[in-house]
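K.L.:
Sequence plus the predicted model coming up.
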Amino acid sequence: MARRAGVSRTTASFVLSGRTDMRISPDAQRRVNAAAAELGYRPNQTARSLRTQVTRTIGMISDTIATTQFAGEVIHGALDTALERGYLLLVAETSGDPIAEKKLVDEMLDRQVDAVVYAMMFTKPGCPPDALSELPVVVLNGIDDFDGPRILPDELGGGRTAARALVDAGHHDDIYAIGGRHRTTDTPDGVYAGRLRMRGVDEVLADAGTAIAGSYECAWEPEHGYEGVASLLDEGHRPKALVCLNDRLALGAYQALEERGLRVPEDVSVVSFDDSDLASWLRPTLTSVALPHYELGKTAVATLLDGTSGRRLITVPMPLRPRDSIRTVSA
């Protein structure tokens, strides 16, 4: 390459290694790069990493994200961002097994990854193992305190967005929540997402001079959405709008309303969370506040590579996906 470019071997080496501490003319740099392209030169990353101690690889260790279609966009976001920055992403899934996690962490360390995204499928307690303490680590969806950056969806803002969609459409009274804070026998205090979403809903409704008329607390599965709406109707309540805490609950709510001869949105408006495939398949299509999976993965990798690793919380906005399930109410 040096002969092709008409420069010394030292100059060619400096240009190809990206050295900027030597005074090399722009013309020489151009000729070296052109020669490299013509000859199909590719640097030996393994040899380079022995000298620089940088492998330009990032590990992502998750519980079930990789095999979950809905959350797979997290990996896409992380992968796209890594590639844009000239890094490779190594993805490993533990299925929640601590023995598998230890083995996969050891494998990542053996491959000398430069940094790690420690990710969970949904917001819950979780911290990376001590074995990763010497590496830059970002925790994705972990709500435990942690010395490094944590990336979470803005559940509080998402709750505000859902309530604002109803208020802006003119809804003021008879608004019910289905799912609530997810207070069940197993989770008597509710779950992180439920608590923050409902707080956001309550804040916006309070600003509008109203409040949730009632909240049916349950697990967030379709059968519970059905049971919750059926129970409200059987008790004589007549909702004008429903805030379903996820799309699966909304599916059950749709079924209960249809059985009682009530139409969405003509009789009852519905807003939900997650923006899963269900939201666009339901009829009428469901207005839903999206979990920003792609942006979560993108933000996690970008945060790792931006050079700041101190303790901080980064929340990613949850956008509204307006569809056909909210009716505008005349004043």
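P.N.:
Yes, it's here.
K.L.:
in what helix or strand does the nearest residue to Leu320 once chain neighbours are set aside lie?
P.N.:
Spatial nearest neighbour of Leu320, excluding adjacent residues (C-beta to C-beta, 6 or more residues apart in numbering): Thr161 at 5.1 Å. Any C-beta I mention is one placed from the backbone N, CA and C, and that applies to glycine too. Assigning secondary structure by DSSP states H and E places Thr161 in helix 155-168.
K.L.:
Report the rounded mean pLDDT for that helix.
P.N.:
Average pLDDT, helix 155-168: 98.
K.L.:
Quick check: closest non-adjacent residue to Ala28.
P.N.:
Excluding the flanking residues, the one nearest Ala28 by C-beta to C-beta, 6+ apart is Val7, at 5.3 Å.
K.L.:
what helices or strands is the helix holding Thr161 leaning on?
P.N.:
helix 192-207, strand 241-244, strand 269-274, strand 287-290, strand 320-321 (3 or more C-beta pairs under 8 Å, 6 or more residues apart in numbering; DSSP states H and E).
K.L.:
rewinding a little: these two touch, right, the residue nearest to Leu320 and Ala290?
P.N.:
No. Thr161 is not in contact with Ala290 according to C-beta atoms under 8 Å; the separation is 9.6 Å.
K.L.:
Now do the shared contacts for the two.
P.N.:
318-320 (C-beta atoms under 8 Å, 6 or more residues apart in numbering).
K.L.:
looking at those residues, which has the most residues close by?
P.N.:
Counting neighbours by other C-beta atoms under 10 Å, Met318 leads the shared contacts of Thr161 and Ala290 with 27 neighbours.
K.L.:
For the nearest residue to that one once chain neighbours are set aside, which residues are in contact?
P.N.:
Nearest non-adjacent residue to Met318, counting by C-beta to C-beta, 6+ apart: Gly158, 3.6 Å away. Going by C-beta under 8 Å, 6+ apart, Gly158 touches 196-197, 200, 273, 289, 318.
K.L.:
Could I get these in CSV, plus columns for pLDDT?
P.N.:
Converted to CSV, the contacts of Gly158 look like this (pLDDT from 0 to 100):
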residue, pLDDT
Leu196, 97
Arg197, 98
Gly200, 98
Phe273, 98
Val289, 98
Met318, 98
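K.L.:
among those, which ones are buried?
P.N.:
196-197, 200, 273, 289, 318 (16 or more other C-beta atoms under 10 Å).
K.L.:
from those, which two are the most distant?
P.N.:
The span of those, defined through C-beta to C-beta, is set by Leu196 and Val289 at 11.9 Å.
K.L.:
Which parts of this structure are strands?
P.N.:
57-62, 88-93, 115-124, 137-142, 149-153, 175-179, 214-217, 241-244, 269-274, 287-290, 312-316, 320-321 (DSSP state E).
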